Each structure stands twice: as C-alpha cells, then as structure tokens.
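K.L.:
predicted model and sequence below, questions to follow.
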Amino acid sequence: MAPRTRDEDRHALTAEELAPVVGAKAPLLRSRRGVSTAPAPGRQTPPTFSIKQLRDVVPAHCFERSLARSVMHLAGDLAMIAAMAAAIHAVDGAKWLPLPVRIIAWGAYWWFQGAVMTGVWVLAHECGHQSFSPWRWVNNAFGLVLHSALLVPYHSWRITHGNHHKNTNHMDRDQVFVPHTESEYFGAESAVSPSGGAFSEALSEAPAAELLGIAQMLLLGWPAYLLMNTSSQAHPGRWVNHFNPSSPIFEPKDWMDIIVSDAGLLVVFGAIGAAIRTWGFAAVARYYLIPYLFVNMWLVLITYLQHSDVRVPHYRSGEWNFVRGAVGAVDRDYGIYNVLHHHIGDTHVAHHLFSTMPFYHAQEATAALKKALGPYYLQDSTPIPRALWRSWTQCKFVQDEGEVLYYSSPYKASE
C-alpha cells in the first residue's frame, strides 16, 4: 500500500503525530486525570451525506451476490485448512525431525490455521448479512453450519450484530465496544480500592498492566461478549447472554432462532466430545482448540481496531443518524491477512454502509466511497501492534456531556 499524503487523507494521523504516544522516546505512561492527551484528530462537523448519495457513487454490479463465487472462496478456505492439518500431521509423525523444528512447525500451524479459520468465520458473517447468496435460506443454512463449527451461536450473533450495524456509534443503542463515559470510567476505578482508586490508577499506569489488559481482551473478549454481553449496553440486574431466548437483547420473535443456534452448538460440542474420546484431548486441542483461540483473537482485534480510534465520533440521539454512525469506522491494512480474512479489515467502512454487499466487491466500492467521503473516510496503515497499543492507551472514555463525543484518555506520554 502506497503511503498516503495529507491531501489524500487529511483526517488521518501521521506517524510523526503519533510518535509521542508510542514512540521509542515515550515507553512509559503517566496519568493526567480527565484530560485527553491524544493527538488532536481534526474533529469536523458531522457529515451530511445521504445513504442514496453514497450508494450512487458505487458501481451497481458491486451489489450483485453470487452463491457460486462465495462457495468457491469457502472451498478455498476449507482446502487450506485440510492441507495444513495434513501437513502438520506428517511433520508430527516425522520423529526424525529435531524437536525444535516440530515445535516451530506447530506454532506456525496454530497461527496460520487460526488465520484461515478466521476467513471461514468471515464467510459465515457474510451469511448473517445475507451477502453470501441472493437466498436467505441458503445464507442461514451455510451460516448456521460454519458458525456452529467455530462455536458461534449463529442466529443469536446475527441478531445482535445486525443491531450493531443499525445503530453503529450510537451511545445508547450500539451493541459492541460501547465507550465508557468519563464518570463511569473513573467511578469503576475508584470502586477497585477503598483509597479512592489510587492503587488502581498507579497499577494501570504500568505498561505491563496495559499489555496484560490487551492480552485479556484478545483471549477472553469474545467469550465474555457471548456469555455476559461485555462491552455492550448495560442491563442492570440481568444476566445478558447470547444463549437465553429471554435475554433483553432479543425480541420474542427471535425465540426459535436462539434455540436453533443453541442446538447447533450442542451438536458441535458433541462432535468435539466424540473426537476427544477417540483421539484424546491433547490431539483435539492441538488441531482444533488452539487455532480456535486464534480465531477469537483475530475477531476481537479486528473489531476493536475498526471501532476504537481517537478520530471516531460517537453520538447521542440528537446528532446520530445511520450514515454518521456507519462512516465512523477505520479501514486498516493487515497485509496478507487482508486476503486470508476476505478483506474484513481494510473495507469495513463500505461494509458498514452496505452490509449486504459481498466482500469480493468491497475493494472496488471502497475506492469509490473514499473519493466521495473525502476527509470523512478513515484509514490507517499504522502497523497493527502499534495501532493496538495506541487505541488501547488513548481510547479509554468519552465525555459525560454533549451530543458528539470523542475518545479521551487519562494518560500522556512521558517527557
């Protein structure tokens, strides 16, 4: 990807602007309570585009869905998964290979198998958006099988994810990565210890503690969301999860879909149990469970970085509309993983505007939308580890008051 110029993307942050946050001269963080010290992100008036204006700039064929083309991509993913499993099985059986070589091979298998399985997750995500094919029953059949195989309650996720798309960046209605307000953030901090949060604040200022928080999010964030609705809207006094048809995130009409999703998971858990009885837990963990954890990591990483950035506005009801929320996402460059993940990370703005558009047209649509959106198009080619650190340390809370809210942080770079 060619470097962007300021004329091409005036709303982006340059490496020089971001250096105080993550540069070599600022390895430590200090607290400056309640004041954002992130680089000023050129906070503009909210956009006034209509969805029709934006749709008109996208070539009409970009909205055409092809079952054959989707199945071809799925077959490619499944072939890669099978080939890697066969290859690591052969390597593991080659006892003449030095142990370090086999350990490295297993590490590579876990990493790349997780990346390709994430691609399958994305194709199931296409099914949930009805972009896998023109037929709803086909989409839901493929989606239920693929997501269940990855331990995702397909319809339950489809429903809440659809609500996320309908209400992106709405402070009271969005479903994922809903920001804490400043008072919520510091209130939770103060509740940690009777000393008014001093211990919590001192601990959280350590970079090691922030790294631990990132690791916790990447490892546990997805199951925590499914089991406890973490990072979503609060429902005091209720256990909100994606498995109970009576959860407040569902409507009565969703009841059967939730039951079907739960049944799909029970079938897969039964298959995993049978595999453990046949081949042992260690084998199932090596071939399936560890790559599955990497799928969860990729899912949380990609989603977090799409929606957590100091340039992304969040809205209250007085200023929110669909287009304003939808364009408030960041396209990021994941290198070869753009291909393995079917461009879920580098064409997310187009996807939020037109979620039934199939992924294989999203790059062309993105090029057209980028010109139409101008400075409202958010893109970032910062290396992913660095971007993750920046968002984690600079996107802590939004203001308590106001209709258009931006992320702030209690941290500033060391001087």
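P.N.:
Thanks, I have the structure now.
K.L.:
residue 63 reaches residue 356, doesn't it?
P.N.:
Yes: contact criterion CB atoms under 8 Å: residue 63 and residue 356 qualify, at 7.3 Å. In this view, the C-beta of every residue, glycine as well, is placed from N, C-alpha and C.
K.L.:
and residue 268, how far from residue 334?
P.N.:
28 Å (CB to CB, to the nearest Å).
K.L.:
neighbours around the residue nearest to residue 173 when sequence neighbours are not counted, how many?
P.N.:
Leaving aside its chain neighbours, residue 173 sits nearest to residue 167 (3.8 Å; criterion: CB to CB, 6 or more residues apart in numbering). The number of residues packed near residue 167 is 19, by other CB atoms under 10 Å.
K.L.:
how about the contacts made by residue 167?
P.N.:
173-175, 320, 325 (CB atoms under 8 Å, 6 or more residues apart in numbering).
K.L.:
keep only those of the residues you listed that are in helices.
P.N.:
residue 325 (DSSP state H).
K.L.:
ok, back up a step: any idea how far residue 322 is from the residue nearest to residue 173?
P.N.:
8 Å.
K.L.:
how about residue 59?
P.N.:
For residue 59 relative to residue 322 (CB to CB), the value is 22 Å.
K.L.:
would you tell me what the next helix or strand after the helix ranked longest in the chain is?
P.N.:
If you go by DSSP H, the chain has its longest helix at helix 99-128. Per DSSP states H and E, helix 99-128 leads on to helix 136-149 as the next helix or strand towards the C-terminus.
K.L.:
from the contact counts, what lies against that next one?
P.N.:
helix 67-93, helix 99-128, helix 154-166, helix 255-279 (3 or more CB pairs under 8 Å, 6 or more residues apart in numbering; DSSP states H and E).
K.L.:
re the thing from before, let's have the contacts of residue 167 in JSON lines, adding neighbour count, distance to residue 282 and pLDDT.
P.N.:
As requested, these are arranged in JSON lines below (neighbours: other CB atoms under 10 Å; distance: CB to CB, whole Å; pLDDT from 0 to 100):
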{"residue": "173", "neighbour count": "16", "distance to residue 282": "45", "pLDDT": "96"}
{"residue": "174", "neighbour count": "24", "distance to residue 282": "41", "pLDDT": "97"}
{"residue": "175", "neighbour count": "22", "distance to residue 282": "37", "pLDDT": "94"}
{"residue": "320", "neighbour count": "24", "distance to residue 282": "50", "pLDDT": "96"}
{"residue": "325", "neighbour count": "24", "distance to residue 282": "46", "pLDDT": "96"}
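K.L.:
any idea which of the contacts of residue 167 is closest to residue 349?
P.N.:
residue 325 (11.4 Å; CB to CB).
K.L.:
go ahead and confirm the closest one touches residue 171.
P.N.:
No: the criterion here is CB under 8 Å, and residue 325 misses it with residue 171 at 10.4 Å.
K.L.:
which neighbours do these two have in common?
P.N.:
What both residue 325 and residue 171 touch, as defined by CB under 8 Å, 6+ apart, is the set residue 315.
K.L.:
ok so residue 352 is a helix residue?
P.N.:
Yes: judged by DSSP: H, G, I helix; E, B strand; the rest coil, residue 352 forms part of a helix.
K.L.:
relative to residue 169, how far out is it?
P.N.:
Using CB to CB, residue 352 is found at 10 Å from residue 169.
K.L.:
what is in contact with those two at once?
P.N.:
Joint contacts of residue 352 and residue 169 (CB under 8 Å, 6+ apart) are residue 325.
K.L.:
let me know the pLDDT of the residue nearest to residue 173.
P.N.:
Here, the pLDDT recorded for residue 167 equals 97.
K.L.:
for it, give its distance to residue 138.
P.N.:
27 Å.
K.L.:
ok, now residue 313?
P.N.:
Taking CB to CB, one finds residue 313 at 37 Å from residue 138.
K.L.:
who's more crowded, those two?
P.N.:
residue 313 (22 against 16).
K.L.:
cool, thanks, talk later.
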